[in-house]
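Participant: One predicted model, sequence on top.
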Amino acid sequence: MKKLRNIFYCNAVLMLLVLLLVGCMGGKEEKSNNDSSLHSEENNNETDDSNQISKGESETTTGSEKSVPNENASKESSTDESQETSSEEIRNKEKSQKDNVLAEYSSEKIEYARVWLQLGANQEIDELNVRHISAGEPINPNDDTSTSYPEDVIQLAGSRLVDGSVTYSGNGDGTIKVYNVPLRWDSSDDVSNGVMREVTENIIKNAKTVYVDTGDSEKIKRLIDIMAIH
């Protein structure tokens, strides 16, 4: 009987040992599974981060590619501006060369030529006569009833009556006051008494202000070369 009891106790102890071993093995397996899950999640996170970084780099590259046309446009704009600047420099150089043609002449002679070039009836003249008329002189020197000039004026005329004339005063600002005075007047015998005063007064009242263009330098030079100042 005592022997049977000992055998029973031994078997019970063995069963407990087996149960303990099984419990330990199960815990290790569960821990191993948990560790595998953690490794899998970490790998997934790393993959997502890698994808995001790749996507960001791709967007940056795309943005850089998009900026290339803007750089090209900037280069084209810079080229256009350079061409415009070159064209302007050429025009200024040409203008300077034209101005040098007149460098040897006085500003008064250049003014006379410009006025005739713009207002003269006949440009194909063989002589340009310049006559200075002082303020107070009669507009029609052949008639005692004529009104006088209120200021100094200049009269330009060709060598022939058909060439016409221009009578004006300078304003000093690039404009002139033009008086519509004929180059030749009718004799006083052909004009009724008192009419000439009215006619000459109207000439003064109807004087027009005109802006004088710079004109062509070569044509101005030609007029200066045939100019006669009296």
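Facilitator: The structure has been received and is ready for your questions.
Participant: tell me which helix or strand of the protein sits lowest on mean pLDDT?
Facilitator: helix 2-101 (a mean of 59; mean pLDDT, DSSP states H and E).
Participant: Can you report how many residues neighbour A157?
Facilitator: By other Cβ atoms under 10 Å, the residues close to A157 number 22. For the C-beta atoms, the positions are set from N, CA and C on the backbone; glycine is no exception.
Participant: What about N171, how many residues nearby?
Facilitator: 13.
Participant: shift numbering so it begins at 40
Facilitator: Understood, numbering begins at 40; the last thing we discussed is N210.
Participant: ok, and the closest non-adjacent residue to it?
Facilitator: K216 (6.3 Å; Cβ to Cβ, 6 or more residues apart in numbering).
Participant: Need the phi and psi values for Y151.
Facilitator: Y151 adopts backbone torsions of phi -60, psi -40, taken as degrees, to the nearest 10.
Participant: pretty sure V217 contacts V249?
Facilitator: Yes: between V217 and V249 there is a contact at 5.4 Å, judged by Cβ atoms under 8 Å.
Participant: got any residues that touch both of the two?
Facilitator: Common neighbours of V217 and V249, using Cβ atoms under 8 Å, 6 or more residues apart in numbering, are L158, Y207.
Participant: Could you chop this protein up by domain?
Facilitator: With domains defined by automatic domain parsing, the chain comprises 40-140, 146-268.
Participant: L222 reaches G203, doesn't it?
Facilitator: Yes: the pair L222 / G203 is scored as a contact, 6.7 Å apart, by Cβ under 8 Å.
Participant: Which neighbours do those two have in common?
Facilitator: Common neighbours of L222 and G203 (Cβ under 8 Å, 6+ apart) are A196.
Participant: Could you pull up the residues touching S204?
Facilitator: Q194, L195, A196, G197, V220, P221, L222.
Participant: out of these, which is most surrounded?
Facilitator: That'd be L195 among the contacts of S204, by other Cβ under 10 Å, with 24 neighbours.
Participant: Thanks again, I'm all set now.
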